[in-house]
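Novice: quick one: sequence plus predicted model below, questions after.
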Amino acid sequence: MKYFPVLAAALAIGRSILLSMALFIGMPAMAQMTELSSDVAADAQVWIESPVDGQVVSSPVSIVFGSKNVSIAPAGIEQSNSGHHHLMIDMDELPGMNMPLPGSAQLIHFGKGQTSTSLSLAPGVHSLQLLLGNHIHVPHTRPVLSEKITIVVE
């Protein structure tokens with residue numbers, strides 16, 4: 001029992017040292033994370049050319065991507081003012097914008113620089129939205145997002 005105050009003091013000092021180390025080590029890591037994103041032209045745009053918002057379609061759904069003032073390039077090729085498409089399907093929230101986008105059935109990567117696709121979608125209402133990612137799948141410093149559209153698959 002007589003060592004308890006000494007132990008408590010040592011733990012308190014240890015916690016503050018660990019916190020200081022985490023902050024010190026974390027700052028360069030945070031700076032490095034922001035370097036993952038790339039700049040893009042202020043007027044860069046992406047959109048879904050077809051189908052159009054509200055359109056009734058059948059599966060498989062043909063989807064065509066549009067872009068303006070930005071080059072579409074395959075993933076892995078670092079090039080200024082460029083990126084590749086990521087299609088978000090039925091996503092209520094945007095993914096994190098400072099890390100590589102995780103591929104999934106709801107977030108499809110088009111890392112070969114594709115500008116169209118054909119998808120099998122279940123009957124019902126679906127939302128579609130494009131997000132441009134850089135050569136390592138990270139959204140740009142100023143994210144380039146399309147408007148979200150809604151389609152009905154019969």
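Specialist: That came in fine, so what should we check first?
Novice: just give me the residue right at the centre of the chain.
Specialist: residue 101 (4.0 Å; Cα atoms, centre = their mean).
Novice: tell me who's in contact with that residue.
Specialist: By Cβ atoms under 8 Å, 6 or more residues apart in numbering, the contact set of residue 101 is 86, 95, 107, 109, 131, 133, 137, 138, 139. In short, each C-beta sits where N, CA and C put it, glycine included.
Novice: among the residues you listed, which one lies nearest to residue 48?
Specialist: Nearest to residue 48, judged by Cβ to Cβ, of the contacts of residue 101 is residue 131 at 11.6 Å.
Novice: what about the helices in this protein?
Specialist: In the chain, the helices defined using DSSP state H lie at 4-34.
Novice: just for it, where's the confidence low?
Specialist: For the chain, applying pLDDT under 70 flags the ranges 1-35.
Novice: what residues sit buried inside the strand ranked longest in the chain?
Specialist: Ranked by residue count and defined by DSSP state E, the top strand of the chain is strand 124-133. In terms of neighbour count (16 or more other Cβ atoms under 10 Å), strand 124-133 has its buried residues at 126, 128, 129, 130, 131, 132, 133.
Novice: quick one, strands of this structure?
Specialist: Applying DSSP E to the chain gives strands spanning 45-50, 56-57, 61-68, 71-72, 82-89, 107-109, 116-119, 124-133, 149-153.
Novice: tell me, how many residues neighbour residue 110?
Specialist: Here the number of neighbours of residue 110 (other Cβ atoms under 10 Å) works out to 19.
Novice: was I right about it contacting residue 74?
Specialist: No - between residue 110 and residue 74 there is no contact, the gap being 9.1 Å when judged by Cβ atoms under 8 Å.
Novice: quick check: neighbours shared by these two?
Specialist: Counting by Cβ under 8 Å, 6+ apart, the shared contacts of residue 110 and residue 74 are residue 84.
Novice: next one: residue 105 from residue 91, what distance?
Specialist: Shown here: residue 105 relative to residue 91, a distance of 11 Å by Cβ to Cβ, to the nearest Å.
Novice: ok so, going back, of all the strands of the chain, which one comes closest to residue 36?
Specialist: Nearest to residue 36, of all these, is strand 124-133, at 10.5 Å by Cβ to Cβ.
Novice: what's the angle from the closest one to strand 45-50?
Specialist: 150 degrees (axes from the mean of the first three to the mean of the last three Cα atoms, to 10 degrees).
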